[in-house]
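**Q** make a model of this:
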Amino acid sequence: MVVYFKALIAAGRSVFVRFAPEMNGSWFPYGQRPEEFKKSWIYCINYWRKELGDDKSKVAFIWAPNSGNGYPFPKDPESKDEFYGPDLTTPEGRLRMQQMDTNGNGGLDEDDDPYLPYYPGDAYVDWVGLSIYTYGNVYPWTSNVIPSPRKFEGMLQGLAPDVPNKFGAANHSILISRRHWIPGYSAGSKPFIVAETGQRTTLLGKTRACQALQTKPSL
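**A** Numbering: from 1, shown residues only. Below is the predicted model of the structure:
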């Protein structure tokens, strides 16, 4: 990858690298493996920066988890999607669960911090990103719903009262201090970027997509 970084820099470009995104999700093989993820992240960032030398300031590494609504994203028996969350029937899965169990209640639930276990430290993060999607109000989100005013800001700050969450709505934010974010853990002042965003849309019957959309911009 360093070859590509250097080629872009030589062409006069600065580079954003969103490495291993949505690491707090259960849909990627590297997801929900806090300690393994942090070790891999630190190793890669150190290596890339060393190889980039004087050009390292021209490459920004973005730590970008998924929005915490729905965390810890347990397996949905109705879904056919791949699931990579911890298997609590195995020692390895129970160890991962312990690393994710930030409230110390012996299990995983919506009150566990969706970000902190995966944060590698300020020295290894240049930008903070977030995937933010709105799906509707009731799982499995088969109805198109216009997002309420300022819902985006609420989801961003962990304050949205109507954040759709089949498993409960946790109030978490990666940007402000709160009961789930250890004060002083981050030095702060990290630039922020919305890494992914969108609105789930369900087609109604057999009508054309352009006629079926009932959503409106809310950002």
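**Q** what about the residue lying closest to Pro21 once chain neighbours are set aside, how many neighbours?
**A** In space, Pro21 comes closest to Ala64 once its chain neighbours are excluded; the distance is 4.5 Å by CB to CB, 6 or more residues apart in numbering. Where C-beta positions appear, they are placed from N, C-alpha and C, glycine not excepted. Applying other CB atoms under 10 Å, we find 23 residues neighbouring Ala64.
**Q** please, where are all the strands along the protein?
**A** In chain order, the chain shows strands spanning 15-18, 59-63, 127-134, 192-199, with DSSP state E as the criterion.
**Q** okay if I get those strands as JSON lines plus mean neighbour count, distance to Thr102 and mean pLDDT?
**A** As requested, the strands of the chain are exported to JSON lines (neighbours: other CB atoms under 10 Å; distance: least, CB to CB, whole Å; pLDDT from 0 to 100):
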{"stretch": "strand 15-18", "mean neighbour count": "16", "distance to Thr102": "24", "mean pLDDT": "98"}
{"stretch": "strand 59-63", "mean neighbour count": "21", "distance to Thr102": "17", "mean pLDDT": "97"}
{"stretch": "strand 127-134", "mean neighbour count": "20", "distance to Thr102": "18", "mean pLDDT": "89"}
{"stretch": "strand 192-199", "mean neighbour count": "15", "distance to Thr102": "22", "mean pLDDT": "90"}
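**Q** quick one: those strands as TSV, columns for distance to Met97 too.
**A** Rendered in TSV, the data for the strands of the chain read as follows (distance: least, CB to CB, whole Å):
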stretch	distance to Met97
strand 15-18	27
strand 59-63	22
strand 127-134	23
strand 192-199	26
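**Q** just the helices from the protein, written as ranges.
**A** Secondary structure of the chain by DSSP state H: the helices cover 2-10, 34-52, 91-100, 151-157, 209-212.
**Q** out of those helices, deepest packed?
**A** Among the helices of the chain, the stretch with the highest mean neighbour count (mean count of other CB atoms under 10 Å) is helix 151-157, at a mean of 18.
**Q** centre of the chain to that one, how far?
**A** In terms of CA atoms, centre = their mean, to the nearest Å, the centre of helix 151-157 is set 14 Å apart from its chain centre.
**Q** flag the shaky bits of this protein, pLDDT-wise.
**A** Low-confidence segments of the chain (pLDDT under 70): 137-141, 157-188, 204-219.
**Q** that older thread, out of the strands of the chain, nearest to Leu88?
**A** Ranking the strands of the chain by their distance to Leu88 (criterion: CB to CB) puts strand 127-134 first, at 25.7 Å.
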